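Colleague: give me the fold of what follows.
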Amino acid sequence: MFTTLSPVVASPTHDLVNAISALKQELNAVVLAHYYQESDIQDVADYIGDSLGLSRQAADTSADVIVFAGVHFMAETAKILNPHKQVLLPDLNAGCSLADSCPPDAFAAFKAAHPDHIVISYINCTAAIKAMSDIICTSSNAVSIVQQLPPEQKIIFAPDQNLGRYVMQQTGREMVLWQGSCMVHETFSEKKLVQLQMNHPQAEVIAHPECEAAVLRHAHFVGSTTALLKYAQQSPKTEFIVVTEPGIIHQMEKQAPGKVFIPAPPTASCACNECPHMRLNTLEKLYLAMKNRQPEIVLDPELQHQALKPIQRMLELSAP
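Modeller: From the prediction side, this is the model:
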């Protein structure tokens, strides 16, 4: 008696993964993805990282086409670093609430009111703000960059006030802060975090410095997404409350198997701890962007040139 085996039918996700892999070869393309992207996108990416790591990869890539699975300012940064390469963003509407909180005209007036200050801008800003800056930083290197500047140097820090306050606390430096913030990192509830700690007394709280000070004071460790990932891998603890966008948990579970990662809850009863802009990108949109060679990031050449200088300064001041 013979048993008839049912044919194996590939899933739509499997088909997309194969199609994306073929397009990478055809276009000589590289897919860069931020930790906050959905897990399917992370799994097809050639490199997954935080803003500093992604900037380094964008600066060093030999690919002809850069497909950036992230938000608009990240793809802009890749284009600034690669003016003669094609940079694709799966969804042009994938913006950033923090970048939007710093309009160029208003910031130009703010900068003019402090003429003896240099401008350090968090990379989560538009190309126009980068062009008005002296040094770009990320959450990975902001403290180190400020520490390398002469103590008498006056500083404007933009656009994230929460990261700025954290840097001031870590360095003892006074800075003039632009009052911007990230909608995701400001949504975490101190009350709910404390309640979660009571329910998980053995868990360590690990948090991103874009969070408000009231939340950070409960953290056992504060760091960039890459630093949080490394800490979770190296810590002897096996349970963590993660206070940042929960997309990072996919990599934490892959790189620290057997450990438990609990996303910190937002104030409201919603998925507000997920970045709505990051989540606009999907595997389908990634495939279509590569297939159609659009949406493409296009910037004014002079703006690109001006914005490149502070990014290069950041890379010079950052340890490898």
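Colleague: ranges for the strands of the stretch 201-320 of the chain?
Modeller: 204-207, 221-222, 239-243, 260-263 (DSSP state E, counting those that start in this stretch).
Colleague: ok, the stretch 51-200 of the chain next?
Modeller: Under DSSP E, counting those that start in this stretch, the stretch 51-200 of the chain gives strands at 65-69, 86-88, 117-122, 135-137, 154-158, 176-177.
Colleague: export the ones you listed as TSV, with columns for mean pLDDT.
Modeller: Supplementary listing: the strands of the stretch 51-200 of the chain in TSV, determined by pLDDT from 0 to 100:
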stretch	mean pLDDT
strand 65-69	96
strand 86-88	96
strand 117-122	97
strand 135-137	97
strand 154-158	98
strand 176-177	98
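Colleague: can you redo these as a markdown table with mean neighbour count and distance to residue 273?
Modeller: Every residue, glycine included, has its C-beta placed from N, CA and C. Listed next are the strands of the stretch 51-200 of the chain as a markdown table, based on neighbours: other C-beta atoms under 10 Å; distance: least, C-beta to C-beta, whole Å:
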| stretch | mean neighbour count | distance to residue 273 |
| --- | --- | --- |
| strand 65-69 | 26 | 20 |
| strand 86-88 | 23 | 28 |
| strand 117-122 | 22 | 20 |
| strand 135-137 | 27 | 24 |
| strand 154-158 | 22 | 24 |
| strand 176-177 | 18 | 24 |
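Colleague: and the pLDDT at residue 55?
Modeller: Looking at residue 55, its pLDDT reads 86.
Colleague: and what of residue 320?
Modeller: Residue 320 carries a pLDDT value of 69.
Colleague: how's this protein carved up into domains?
Modeller: Structural domains annotated on the chain: 12-94+279-301, 98-181+303-317, 190-263, as defined by the TED database.
Colleague: any idea of the mean pLDDT in stretch 93-103?
Modeller: 91.
Colleague: which residues touch that stretch?
Modeller: With contact meaning C-beta atoms under 8 Å, 6 or more residues apart in numbering, stretch 93-103 is reached by 70-73, 122, 124-126, 129, 158-160, 178-184, 210, 277-278, 280-281.
Colleague: drop anything exposed from those.
Modeller: Buried residues within the contacts of stretch 93-103, counting neighbours by 16 or more other C-beta atoms under 10 Å: 70-73, 122, 124-126, 129, 158-160, 178, 180-182, 184, 210, 277-278, 280-281.
Colleague: need the contact list for residue 69.
Modeller: With C-beta under 8 Å, 6+ apart, residue 69 has these contacts: 31-34, 37, 41, 45, 90, 281, 286.
Colleague: just those residues: which are in helices?
Modeller: Under the assignment DSSP state H, the contacts of residue 69 contribute 41, 286 to helices.
Colleague: turn the contacts of residue 69 into CSV, columns for pLDDT and distance to residue 96.
Modeller: Below are those laid out as CSV (pLDDT from 0 to 100; distance: C-beta to C-beta, whole Å):
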residue, pLDDT, distance to residue 96
31, 97, 20
32, 96, 16
33, 95, 16
34, 93, 11
37, 92, 14
41, 96, 17
45, 96, 19
90, 96, 15
281, 95, 13
286, 97, 19
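Colleague: between the contacts of residue 69, which has the most around it?
Modeller: residue 37 (30 neighbours; other C-beta atoms under 10 Å).
Colleague: pretty sure that one is touching residue 67, no?
Modeller: No. Between residue 37 and residue 67 there is no contact under C-beta atoms under 8 Å: 11.7 Å.
Colleague: thinking again about what came up before, what would the strands of the stretch 51-200 of the chain look like in CSV with distance to residue 219?
Modeller: CSV is the format used below for the strands of the stretch 51-200 of the chain (distance: least, C-beta to C-beta, whole Å):
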stretch, distance to residue 219
strand 65-69, 28
strand 86-88, 35
strand 117-122, 19
strand 135-137, 20
strand 154-158, 21
strand 176-177, 21
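Colleague: residue 180: what's it in contact with?
Modeller: 98, 101-102, 158-161.
Colleague: test for you: state the pLDDT assigned to it.
Modeller: 92.
Colleague: beta partners for it?
Modeller: Beta bridges link residue 180 to residue 160, judged by DSSP bridges.
Colleague: what's around residue 174, how many residues?
Modeller: What residue 174 shows, counting by other C-beta under 10 Å, is a neighbour count of 9.
Colleague: in space, what's closest to it - neighbours in sequence excluded?
Modeller: In space, and not counting its chain neighbours, residue 174 is closest to residue 168: 6.7 Å by C-beta to C-beta, 6 or more residues apart in numbering.
Colleague: what's the spacing between that neighbour and residue 191?
Modeller: 26 Å (C-beta to C-beta, to the nearest Å).
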